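Visitor: what's the 3D shape of this:
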Amino acid sequence: MSVKPEHYDVIVKPVITEKATMASEAGAVVFQVTKSATKPQIKEAVEAVFGVKVKAVNTTITKGKTKKFRGRPGERSDVKKAYVTLEEGNTIDVSSGL
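Guide: All right, here's what the predicted structure looks like:
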């Protein structure tokens, strides 16, 4: 499968948090994706860009919080995350980059 430019539009960046690290021990990788991305699009993009076989894709939308910025209230944007479970024997090292 060849990598298309739109595959890079689907995946925004990998998420590296405590929860994502715990998920990686279970064979899952967490990515921030565009809000309009569907599960089949995410699966196709991850398989093409990283050259791995994807078993399942679960998504969550985290609503943006209201935070103070320089004393004024500001709104963080909503974020869509994809928990991508890989087939046995496939790994993605998100710490090294592309």
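
Visitor: helices and strands of this structure: which one has the lowest mean pLDDT?
Guide: Ranked by mean pLDDT, DSSP states H and E, the helix or strand of the chain with the weakest confidence is helix 5-10, at a mean of 85.

Visitor: Can you list the neighbours in contact with that helix?
Guide: 33-34, 37, 41-42, 44-45, 48-49 (CB atoms under 8 Å, 6 or more residues apart in numbering). (C-beta placed from N, C-alpha, C; glycine too.)

Visitor: Can you tell me which of those are buried?
Guide: 33, 37, 41-42, 44-45, 48-49 (16 or more other CB atoms under 10 Å).

Visitor: What pLDDT is listed against R70?
Guide: Looking at R70, its pLDDT stands at 89.

Visitor: what about it, distance to T85?
Guide: Going from R70 to T85 by CB to CB, to the nearest Å gives 41 Å.

Visitor: Which of the two has more residues huddled nearby?
Guide: T85 (15 against 5; other CB atoms under 10 Å).

Visitor: mind checking the SS state of that one?
Guide: strand (DSSP: H, G, I helix; E, B strand; the rest coil).
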